[in-house]
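Undergrad: What follows is a predicted protein model with its sequence.
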Amino acid sequence: GAGVSQTPSNKVTEKGKYVELRCDPISGHTALYWYRQSLGQGPEFLIYFQGTGAADDSGLPNDRFFAVRPEGSVSTLKIQRTERGDSAMYLCASSPSRDTHTEAFFGQGTRLTVV
Amino acid sequence: RKEVEQDPGPFNVPEGATVAFNCTYSNSASQSFFWYRQDCRKEPKLLMSVYSSGNEDGRFTAQLNRASQYISLLIRDSKLSDSATYLCVVTPGGGSQGNLIFGKGTKLSVKP
């Protein structure tokens, strides 16, 4: 299991509820990314971590979305007061360094459905 | 204007055909360029990086034109297994160095 692991693989929640999505990056990877992908669209950038800090959170759509990476490894994406429009595939990726030429490895995603 | 734009396709081609995809990006400070491949209901995977001098990997050739802010991917001798969505990816540079900005993807379907 050396790849990026995301849990759960599927999450169905009711409108207004709080959800947490977890990402376990490849061991030793310092960069971690969260993306959201809707059907027929490319992945939409949400937030990027270098180590423990959010290097760029400009993609978070509003203050209902928050992400942490307290120990520089596992990251959690948190969505408060979920809305039906939050339904999408949430993808996490990691890469080994801050070098922009290095490959980003993606997890298989968490499919979030808000009903 | 979107940061990364691609023709969504679909491109329907017969086996053995040569097909080319194009991508334009809006940020002239962009630093790194990639093509990713995404199979249906799967995660994106790196196909190849794109360098200023152009680069080739087997049947795949990628080109970058910084002056025109344009990236291309050429696939020769298409195989059925090449059917997928091809995503153009750019890192915006400057203060956002490290982000990966994706296009919507171009869907390729290779038919027997």
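TA: Good, I have the coordinates. Numbering: from 1, shown residues only, chains lettered A, B, ... in the order given.
Undergrad: Pull out the buried residues from stretch A:75-84.
TA: Across stretch A:75-84, burial judged by 16 or more other C-beta atoms under 10 Å in any protein chain shown covers A:Ser75, A:Leu77, A:Ile79, A:Thr82. (C-beta placed from N, C-alpha, C; glycine too.)
Undergrad: who's in contact with A:Gly59?
TA: By C-beta atoms under 8 Å, 6 or more residues apart in numbering or on different chains, A:Gly59 lies in contact with A:Glu44, A:Phe45, A:Leu46, A:Ile47, B:Asn99.
Undergrad: let's see 10 Å
TA: A:33-36, A:44-48, A:65, B:96, B:99, B:101 (C-beta atoms under 10 Å, 6 or more residues apart in numbering or on different chains).
Undergrad: One more: A:Ser97?
TA: Taking C-beta under 10 Å, 6+ apart as the definition, contacts of A:Ser97 comprise A:Gly28, A:His29, A:Thr30, A:Ala31, A:Gln50, B:Gly98.
Undergrad: among the contacts of A:Gly59, which are in helices?
TA: With helices taken from DSSP state H, there is no overlap with these.
Undergrad: Could you tell me which of these are located in strands?
TA: A:Tyr33, A:Trp34, A:Tyr35, A:Arg36, A:Glu44, A:Phe45, A:Leu46, A:Ile47, A:Tyr48, A:Phe65, B:Ile101 (DSSP state E).
Undergrad: Mind picking out the helix or strand in chain A with the poorest mean pLDDT?
TA: Using mean pLDDT, DSSP states H and E, the weakest-scoring helix or strand in chain A turns out to be strand A:53-56, at a mean of 88.
Undergrad: List the buried residues in that one.
TA: Residues A:Ala54, A:Ala55, A:Asp56 are the ones in strand A:53-56 that count as buried (16+ other C-beta under 10 Å).
Undergrad: can I get the residues you listed in JSON lines with distance to chain B?
TA: Below are the buried residues of strand A:53-56 laid out as JSON lines (distance: C-beta to the nearest C-beta, whole Å):
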{"residue": "A:Ala54", "distance to chain B": "11"}
{"residue": "A:Ala55", "distance to chain B": "6"}
{"residue": "A:Asp56", "distance to chain B": "5"}
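Undergrad: one step back: which elements pack onto the least confident helix or strand of chain A?
TA: strand A:31-37, strand A:44-50, strand A:65-68 (3 or more C-beta pairs under 10 Å, 6 or more residues apart in numbering or on different chains; DSSP states H and E).
Undergrad: cutoff 6 Å now
TA: Judged by 3 or more C-beta pairs under 6 Å, 6 or more residues apart in numbering or on different chains; DSSP states H and E, strand A:53-56 is in contact with strand A:44-50.
Undergrad: what lines up beside the strand it packs on in the sheet?
TA: strand A:31-37 (antiparallel), strand A:53-56 (antiparallel) (DSSP bridges).
Undergrad: Among the ones you listed, which comes closest to B:Glu15?
TA: Nearest to B:Glu15 among the strands paired with strand A:44-50 is strand A:31-37 (28.9 Å), distances taken as C-beta to C-beta.
Undergrad: Can I get that closest one in PDB, CA atoms only?
TA: Output of strand A:31-37 as PDB, limited to C-alpha atoms (Å, rounded to 0.1, in the frame of the first residue of the first chain):
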ATOM      1  CA  ALA A  31       3.500  18.500  -0.800                       C
ATOM      2  CA  LEU A  32      -0.200  17.600  -0.500                       C
ATOM      3  CA  TYR A  33      -3.000  18.800  -2.700                       C
ATOM      4  CA  TRP A  34      -6.800  18.700  -2.500                       C
ATOM      5  CA  TYR A  35      -9.000  18.900  -5.600                       C
ATOM      6  CA  ARG A  36     -12.700  18.600  -6.400                       C
ATOM      7  CA  GLN A  37     -13.900  17.100  -9.600                       C
END
